[in-house]
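Trainee: Show me the folded form of this:
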Amino acid sequence: MRVALLHVELFIPSSQSLKDKRMVLRRVKDRLQKFNVAVAEVEHQDLWQRAGLGIVAISNSAEHVEQSLAAAVDEIDRVEPGLVTRTEIQFLT
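Mentor: Presented below is the predicted three-dimensional model:
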């Protein structure tokens, strides 16, 4: 069994309030449901233009987990282009 955590940092320059930020994050979270991953905002909850998402995937092979998380990052960039500033994958044992 392989478990991986993807940390994604987002910069949302068009956001003028926490409400604007939450609308963007809701769109992202809704689109990621089809990848069977768990998504939560884990950092920068009180900042308007920054967000830190934690995305977790589990599978029986490391390649499948890595592909799922890469597809999730691609989907974020497709739904909200240019927002991703940093990504980091950690495999949990």
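Trainee: Show me where the protein has its strands.
Mentor: Counting by DSSP state E, the chain has these strands, from start to end: 2-11, 38-43, 50-59, 84-92.
Trainee: other SSEs contacting the biggest helix by length in the chain?
Mentor: In the chain, taking DSSP state H as the definition, the longest helix is helix 62-79. Using 3 or more C-beta pairs under 8 Å, 6 or more residues apart in numbering; DSSP states H and E as the contact criterion, the elements in contact with helix 62-79 are strand 2-11, helix 18-32, strand 50-59, strand 84-92. From N, CA and C alone the C-beta is placed, and that goes for glycine too.
Trainee: Determine which of these approaches A40 most closely.
Mentor: Judged by C-beta to C-beta, the one of the helices and strands packed on helix 62-79 that comes nearest to A40 is strand 50-59, at 5.2 Å.
Trainee: Could you tell me which strands sit next to the closest one in the sheet, and their orientation?
Mentor: In the sheet, strand 50-59 lines up against strand 2-11 (antiparallel), strand 38-43 (antiparallel) (DSSP bridges).
Trainee: relative to helix 62-79, how tilted is the longest one?
Mentor: Note on geometry: by axes from the mean of the first three to the mean of the last three C-alpha atoms, to 10 degrees, strand 2-11 and helix 62-79 are set 20 degrees apart in direction.
Trainee: starting at the chain centroid, how far to strand 2-11?
Mentor: 6 Å (C-alpha atoms, centre = their mean, to the nearest Å).
Trainee: just the shortest one next, same as before
Mentor: A distance of 7 Å separates the centroid of the chain from that of strand 38-43, by C-alpha atoms, centre = their mean.
Trainee: Likewise for stretch 60-80?
Mentor: For stretch 60-80, the distance to the chain centre is 9 Å (C-alpha atoms, centre = their mean).
Trainee: cool, stretch 15-22 as well?
Mentor: That offset, for stretch 15-22, works out to 17 Å (C-alpha atoms, centre = their mean).
Trainee: out of the strands of the chain, nearest to D20?
Mentor: strand 50-59 (11.3 Å).
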